[in-house]
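Asks: Make a model of this:
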Amino acid sequence: MIAIIDYGVGNLRSVEKAFAFLGHKVVITDNPDIVSAAEGLVLPGVGSFGDAMSELETRGLKDPLIDYVEHGGPFLGICLGCQLLFQRSQESPGVDGLGVLPGEVVRFPADLKVPHMGWNNAEFNIHHSILEGVEDSSFFYFVHSYYVMPAVGEHVLMVTDYGVDFASAVARDNLVAFQFHPEKSSDIGLKLLGNFAEHCRR
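Replies: Predicted coordinates:
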């Protein structure tokens with residue numbers, strides 16, 4: 001069972017439908033016990049970093065989520081769910097993120113049009129099983145005004161150019177997170193979700 005975390009923020013249904021289309025069983029939940037017992041966790045999200053962290057804490061999901069990741073459970077972050085993995089964000093000064101990856105979230109430079117919206121390519125930075133069957137420099141769908149800056153270069157899975165080169169995907173052990181929306185990225189995005197689901201079965 002793959003659990004999609006419901007914390008009142010995000011495009012839960014489109015992620016659920018993508019997994020269902022691929023034939024994988026998922027459940028949308030805000031129950032900490034289900035989160036802890038899941039075979040795989042997905043943290044989607046759109047919206048504010050600070051609001052999202054507040055909701056995770058209010059619903060009692062923050063600590064179970066951190067424990068799940070630190071104990072090696074298969075984890076997938078999407079968009080805001082990628083940013084929340086880091087220690088802090090310029091979007092919400094003074095708010096601590098989940099902190100399971102060292103680094104911060106920063107806003108695109110003022111001379112760039114934000115949000116970064118639409119299709120853009122992502123180049124591989126490191127090898128990872130999540131990329132099996134995916135061609136390097138494939139195009140994915142983005143909608144975001146902030147991007148992650150990992151403190152550890154080996155955590156950068158994919159890189160995208162939008163006036164600046166930024167980490168469009170990160171990975172560490174069983175954790176993978178995408179700044180783009182795989183559920184909105186046609187067949188190539190579905191391939192990534194399918195690879196994650198297969199990993200959860202191992």
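
Asks: Could you use CA atoms for every contact and neighbour count after this?
Replies: OK.

Asks: What values do phi and psi take at Glu39?
Replies: Glu39 adopts backbone torsions of phi -80, psi -20, taken as degrees, to the nearest 10.

Asks: Ile28 now?
Replies: Main-chain dihedrals, Ile28, degrees, to the nearest 10: phi -90, psi 130.

Asks: Correct me if wrong: it contacts Gly8.
Replies: No - taking CA atoms under 8 Å as the definition, Ile28 is not a contact partner of Gly8, at 11.1 Å.

Asks: the more surrounded of those two?
Replies: A direct count of neighbours by other CA atoms under 10 Å for Ile28 and Gly8 places Ile28 higher, at 18 against 15.

Asks: ok, the more buried one - contacts?
Replies: Ala3, Ile4, Ile5, Asp6, Leu12, Glu16 (CA atoms under 8 Å, 6 or more residues apart in numbering).

Asks: Please state the backbone phi and psi of Glu198?
Replies: phi -70, psi -40.

Asks: Number of residues surrounding it?
Replies: Neighbours of Glu198 under the rule other CA under 10 Å: 13.

Asks: how close does it get to Asp96?
Replies: Look at Glu198 and Asp96: by CA to CA, to the nearest Å, they are 32 Å apart.

Asks: now Val46
Replies: The value you get for Val46 to Asp96, if CA to CA is used, is 18 Å.

Asks: Hmm, Ile5 is touching Ala38, no?
Replies: No - using CA under 8 Å, Ile5 is not in contact with Ala38, being 10.6 Å away.

Asks: Which one of the two is surrounded by more residues?
Replies: Applying other CA under 10 Å to Ile5 and Ala38 shows that Ile5 carries more neighbours, namely 26 against 20.

Asks: The more buried one pairs with what?
Replies: As for beta bridges, Ile5 partners with Thr29 under DSSP bridges.

Asks: show me the residues around it that make contact.
Replies: Residues near Ile5 by CA under 8 Å, 6+ apart: Ile28, Thr29, Asp30, Val35, Leu41, Val42, Leu43, Pro44.

Asks: Run through who's touching the helix or strand hosting Ser54.
Replies: Assessed by DSSP states H and E, Ser54 sits inside helix 49-58. Contacts to helix 49-58, defined as CA under 8 Å, 6+ apart, come from residues 7-9, 62, 80, 83-84, 89, 91-92, 95-98.

Asks: pull the CA atoms of it into CSV?
Replies: Output in CSV follows, covering the C-alpha atoms of helix 49-58 (Å, rounded to 0.1, in the frame of the first residue of the first chain):
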residue,chain,number,x,y,z
PHE,A,49,6.0,26.4,2.8
GLY,A,50,4.9,27.8,6.1
ASP,A,51,1.3,26.8,5.8
ALA,A,52,2.2,23.3,4.8
MET,A,53,4.5,22.8,7.8
SER,A,54,1.8,24.2,10.1
GLU,A,55,-0.7,21.6,8.8
LEU,A,56,1.8,18.7,9.1
GLU,A,57,2.4,19.6,12.7
THR,A,58,-1.3,20.2,13.5
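
Asks: Pull out the buried positions in that helix.
Replies: Neighbour-count burial for helix 49-58, counted by 16 or more other CA atoms under 10 Å, picks out Phe49, Gly50, Ala52, Met53, Ser54, Glu55, Leu56.
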